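Novice: What follows is a predicted protein model with its sequence.
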Amino acid sequence: MCDYSQLWLDWKPRKDLPPWTGRIIGMPASPQGKAALRELREGLAALGAAAKEDGPCLRLEELPGEGEGYSLSFEGGGPVLSGPGRGLLYGAFALLRQLSLGESIRPETSAPRYPLRMLDHWDNADGSVERGYAGSSFFFRGGRPVCDARTRDYARLLASVGLNGCCLNNVNVSGEALELLTGKYDQTLREIGDTLEEYGVGLWLSVSFAAPLDRGGLPTADPLDPAVRRWWGETCSRLFRAVPGLRGFLVKADSEGRPGPQTYGRTQAEGANMLGSAVLPFGGRILWRCFVYNCAQDWRDSQTDRARAQYDTFAPLDGAFADNVLLQVKNGPVDFQVREPVSPLLVRLERTKRMVEFQLAQEYTGQQRHVCWLAPLMKEVLDFAGPAGKVKDRADALCAVSNTGDDPNWTGHDLAAANLYAFGRLCWDPDLEAGSLAREWAGLTFGPDRLVEDTVADILLRSREVYERYTAPLGLGWLCTPGTHYGPSPEGYEYDRWGPSHKATCREIGVERGPGGTGMTAQYGEVLGARYGSADTCPEELLLFFHRLPYDYRMKDGRTLLQRIYDDHFLGCAEAEAMAAAWDALEGRVPEEVFRRVRARFREQIRSAREWRDVVNSWLYRLTLIPDGKGRKIYL
Ligand code: GCW
C-alpha cells in the first residue's frame with residue numbers, strides 16, 4: 001500500500017462513460033507514448049470502463065518527433081488521439097480529466113503555450129526543504145539523492161498538468177549538494193532523469209557559481225578565467241553524458257550572500273554566458289536568477305530601494321545574454337508578497353529571454369496552514385500589460401517554487417494542492433479562467449458533488465484576498481516575523497539589513513517610490529510609470545507599495561487610509577471564519593481524513609488571522625492614537 005495520495009489522479013468510477021472507453025488500440029513506441037497507453041489503460045479501468053474485445057475504441061496514433069501537442073478526432077464511433085509520444089501523454093491525461101469530470105469529448109488540437117514549464121525545488125541534500133511546509137524532501141533522503149516509486153508518481157503528477165521540467169535541489173547550494181556536480185551521484189541522477197523523462201519531465205540542477213573553487217580546487221571562479229571555463233566545460237561534458245535527462249542548470253548568483261560574477265568585477269551576463277557556453281554542446285540551458293539586491297542595507301539609508309535593485313542590475317544588460325540563457329524573474333520586484341506590482345523587468349526587457357518565477361511554497365502567504373490559492377495572483381501577473389504587450393505573451397517560460405514534500409498529501413494543506421494544479425494548467429494555457437480551474441481541481445479531487453465543488457471553489461477563489469486583508473494592507477507587505485515569515489511583527493524588518501521597510505511614524509506610512517521618492521515607478525516606462533507615480537492614479541491595492549501617505553489620506557470610497565486598514569483586518573478575519581464554517585459543512589461529503597486535516601488547518605488560520613488583525617491594528621492605533629471609526633475593540 002502506498003503511503004501517500006495520488007491527488008487529482010485518484011480517478012473515481014463514473015457510470016456515464018462512452019462505449020469506446022472499453023477498448024484501446026495502438027502501440028506507441030517512445031517511452032512517453034508507452035506511458036500514455038499505460039495511463040489510459042489504468043485510468044479508464046479506474047473510471048469504471050469495462051474491457052471489450054470489439055466495437056468502438058480509442059485509437060492511439062504516435063507521430064515521430066519531440067513535439068508536445070496532440071490532436072483528437074473521431075473516426076468510426078471512437079476517438080483517435082494522435083501526436084508524438086509527449087503529445088500522446090498530455091492528450092491521455094486530458095482525456096482522463098475530461099471523462100472524470102463528465103465533460104463531453106470533442107475533437108480538439110492542443111499544444112502548450114510555453115516550451116518550458118517547470119518546478120523548482122528548494123530541497124537540500126540533508127532532506128530538509130528551504131521554505132518547505134509539507135514535510136521533508138522526497139528527492140533527498142539520508143543525505144543523498146534517491147530515486148524510488150515516489151519519483152515516478154511525482155513525474156506522473158507533473159505530466160498530468162502539463163509540466164515538463166523539474167529542478168531537483170535548492171538554489172542555495174551547500175554541503176553535499178555540491179557533490180551533484182562531481183560524479184559522486186551520477187548513477188542516481190541518471191535514474192532520476194530517466195524516470196522523469198518517461199513522463200516528459202526534464203531534469204535540472206541548481207549549481208553554485210563558486211563550484212570551481214569549492215569542488216574544482218581552483219583559486220578562483222572568475223568567469224573569464226580560462227581554467228574556470230575549462231573546469232565547467234569538462235564537468236558538463238562528463239555530467240551531461242552520464243545523465244541524459246539533464247537539461248541544464250539553475251543559478252542563484254550574487255544574491256543573498258551567494259557567490260557570483262560580481263566578486264570578480266564581472267557582469268551578470270559575463271557570468272551567465274560563461275555557463276551558457278559550457279552547457280551549449282549538450283543542448284543545455286542556463287536559468288539565471290535575477291534576485292540580486294543589497295541585503296546588507298543600513299535602514300537610515302533612504303536612497304537604496306530594494307524594489308529597484310533587480311531592474312537596475314539587469315535592464316542595462318538587455319540583449320547581452322546568450323541564446324541559451326533565460327533570466328528567471330520573480331513575479332514581483334521584491335519577494336513573493338501576497339500583493340506586489342508586476343516586476344518591471346518582465347514588462348521592459350526587449351531582447352532577453354525570460355521566465356516568470358512564482359512561489360507555490362507559501363512562504364509569505366500562510367505557509368500551507370492558511371488557504372491562499374494563487375491562481376488569481378498568477379493570472380493577474382500573466383495578464384498584466386506593459387508597454388510591449390502582456391506578460392503572458394512576452395514570457396518564454398514559466399516556473400514556480402514547488403510546494404511539495406513527503407507528507408502523505410504532498411502539500412501539507414490539502415487545499416494547497418490546488419496551487420500546484422493551477423500552476424501546471426496555466427503553463428499549458430494561461431488563458432484558462434481561475435474559476436474553471438478551481439472547479440476542475442475540486443471535481444477531480446473530490447468527485448462529482450455539486451455542494452463540495454461549489455464550496456471548495458468559492459473558498460479557493462476568495463482565499464487570496466482574505467489573506468491579504470488580514471495581513472498586508474494595500475501592498476505594504478513585510479509585516480511578518482523576520483526569518484520564519486509566519487505571523488505578524490510589524491516592526492520586525494524595520495531596522496533590519498534586509499531592507500523592506502514601511503518607515504511608519506505617527507503621521508505617515510510607506511516608502512515613496514514615485515518621482516519625489518526613490519523613482520522606482522519610472523522603471524515601468526512612461527505610461528505605467530505615470531499611473532503608479534501618483535497616488536491619485538495608483539491602483540488602491542498597491543497604494544502603500546508605491547507611496548508614503550498620511551493616515552487621513554482619503555480613499556476612493558471616502559474612508560481614511562487608516563480606517564480602510566482597520567476595516568480590512570476585521571473583514572479578513574471574519575471571512576476566514578466564514579470559509580472555515582463553509583468547510584465544516586462538508587463533513588461526511590469528503591474523505592474523513594481530509595476533512596479533519598483541513599479543519600485543523602482552518603483552526604490555525606483563524607487563530608493566526610485574529611493575531612494578525614489585533615497586532616497590526618493595535619500597532620497602528622498606538623502609533624496614531626486614532627481610534628476605529630466603528631468603535632470596535634482594536635487593542636490586544
Ligand atoms: O524569499 C527568499 C527566501 C529564501 C530564498 C530566497 C530566494 C532560496 O526567504 O529562503 O532562498 O528568497 O528566492 O532565493
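Specialist: Structure's in. What do you need? Numbers count the residues shown, from 1 in each chain.
Novice: So for Glu494, what's the nearest residue that isn't a sequence neighbour?
Specialist: Leaving aside its sequence neighbours, Glu494 sits nearest to Ser501 (C-beta to C-beta, 6 or more residues apart in numbering; 5.7 Å). Every C-beta, even on glycine, is put in place using the N, C-alpha and C of the backbone.
Novice: again with Ala535
Specialist: His547 (4.7 Å).
Novice: Repeat that for Ala29.
Specialist: Distances taken as C-beta to C-beta, 6+ apart place Glu62 nearest to Ala29, at 6.4 Å, with adjacent residues excluded.
Novice: Quick check: beta-bridge partners of that neighbour?
Specialist: Beta bridges link Glu62 to Gly83, judged by DSSP bridges.
Novice: Tell me who's in contact with it.
Specialist: 26, 28-30, 33, 82-85, 88 (C-beta atoms under 8 Å, 6 or more residues apart in numbering).
Novice: quick one, strands of the stretch 151-300 of the chain?
Specialist: 165-167, 202-207, 246-251, 285-289 (DSSP state E, counting those that start in this stretch).
Novice: List the buried residues of the helix ranked longest in the chain.
Specialist: Of all segments of type helix in the chain, defined using DSSP state H, the longest is helix 592-624. Within helix 592-624, the residues that count as buried by 16 or more other C-beta atoms under 10 Å are 594-595, 597-598, 601-602, 605-606, 608-609, 612-621, 623-624.
Novice: How about the secondary structure of the closest residue to the ligand within the stretch 251-400 of the chain?
Specialist: Closest residue of the stretch 251-400 of the chain to the ligand, C-beta to the nearest ligand atom: Asp335 (4.5 Å). Three-state assignment for Asp335 (DSSP: H, G, I helix; E, B strand; the rest coil): coil.
Novice: For it, give its distance to Met355.
Specialist: Separation of Asp335 from Met355 (C-beta to C-beta, to the nearest Å): 17 Å.
Novice: could you pull out the helices for the stretch 51-200 of the chain?
Specialist: 85-100, 149-160, 186-198 (DSSP state H, counting those that start in this stretch).
Novice: I'd like those laid out as JSON lines, including mean neighbour count, distance to the ligand and mean pLDDT.
Specialist: Compiled in JSON lines, these are given as follows (neighbours: other C-beta atoms under 10 Å; distance: least, C-beta to the nearest ligand atom, whole Å; pLDDT from 0 to 100):
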{"stretch": "helix 85-100", "mean neighbour count": "24", "distance to the ligand": "29", "mean pLDDT": "98"}
{"stretch": "helix 149-160", "mean neighbour count": "20", "distance to the ligand": "20", "mean pLDDT": "98"}
{"stretch": "helix 186-198", "mean neighbour count": "20", "distance to the ligand": "21", "mean pLDDT": "98"}
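Novice: OK, contacts around Ala388?
Specialist: By C-beta under 8 Å, 6+ apart, the neighbours of Ala388 are 347-348, 350, 394.
Novice: The residue in the stretch 451-600 of the chain positioned nearest to the ligand: how many residues sit nearby?
Specialist: Nearest residue of the stretch 451-600 of the chain to the ligand (C-beta to the nearest ligand atom) works out as His485 at 6.6 Å. For His485, the neighbour count with other C-beta atoms under 10 Å is 19.
Novice: show me what contacts the residue of the stretch 251-400 of the chain closest to the ligand?
Specialist: Neighbouring residues of Asp335 by C-beta under 8 Å, 6+ apart: 291, 364, 500.
Novice: Doesn't the second one belong to a strand?
Specialist: No: membership of Tyr364 in a strand is not supported by three-state DSSP, which gives coil.
Novice: how close does it sit to Asp298?
Specialist: 24 Å.
Novice: okay, the spatially most central residue of the chain: pLDDT?
Specialist: Nearest to the geometric centre of the chain sits Ala400, at 2.8 Å (C-alpha atoms, centre = their mean). Ala400 carries a pLDDT value of 99.
Novice: nearest spatial neighbour of it, skipping sequence neighbours?
Specialist: Phe358 (4.1 Å).
Novice: close to the ligand, is the helix or strand hosting the one you found?
Specialist: Using DSSP states H and E, Phe358 sits within strand 354-359. No: using C-beta under 6 Å from any ligand atom, strand 354-359 never reaches the ligand; the gap is at least 7.7 Å.
Novice: who in this structure is up against the ligand?
Specialist: So the chain meets the ligand at 122, 130-131, 171-172, 252, 256, 291, 335-336, 363 (C-beta under 6 Å from any ligand atom).
Novice: Out of these, flag the one nearest to Arg150.
Specialist: Among the residues of the chain next to the ligand, Trp122 lies closest to Arg150 (C-beta to C-beta), at 17.6 Å.
Novice: Go ahead and confirm that closest one touches Val401.
Specialist: Yes: contact criterion C-beta atoms under 8 Å: Trp122 and Val401 qualify, at 6.1 Å.
Novice: Let's see the pLDDT reported for the residue nearest to Glu440 when sequence neighbours are not counted.
Specialist: Excluding its sequence neighbours, the residue lying closest to Glu440 (C-beta to C-beta, 6+ apart) is Leu101, at 6.6 Å. The score at Leu101 is 97. That number is its pLDDT.
Novice: measure Leu101 to the ligand for me?
Specialist: 35 Å (C-beta to the nearest ligand atom, to the nearest Å).
Novice: if we can go back for a sec, if I pick the residue nearest to Ala535, what's in contact with it?
Specialist: Taking C-beta under 8 Å, 6+ apart, one finds 510, 512-514, 535, 538 in contact with His547.
Novice: now, which of the residues you listed sits nearest Ser110?
Specialist: Closest to Ser110, out of all of these and judged by C-beta to C-beta, is Cys538, at 39.0 Å.
Novice: so that closest one sits in a strand?
Specialist: No: counting by three-state DSSP, Cys538 is not part of a strand but coil.
Novice: pretty sure it is touching Arg531, no?
Specialist: Yes: the pair Cys538 and Arg531 passes the contact test of C-beta under 8 Å, sitting 6.8 Å apart.
Novice: Pick out whichever of those two has more residues nearby.
Specialist: The neighbour comparison of Cys538 against Arg531 (other C-beta under 10 Å) goes to Cys538, with 22 against 15.
Novice: next one: phi and psi at that one?
Specialist: phi -70, psi 130 (degrees, to the nearest 10).
Novice: try the one 4 residues further on
Specialist: Geometry field for Leu542 lists phi and psi as phi -120, psi 10, criterion degrees, to the nearest 10.
Novice: again with Trp441
Specialist: Torsion angles, degrees, to the nearest 10, at Trp441: phi -60, psi -40.
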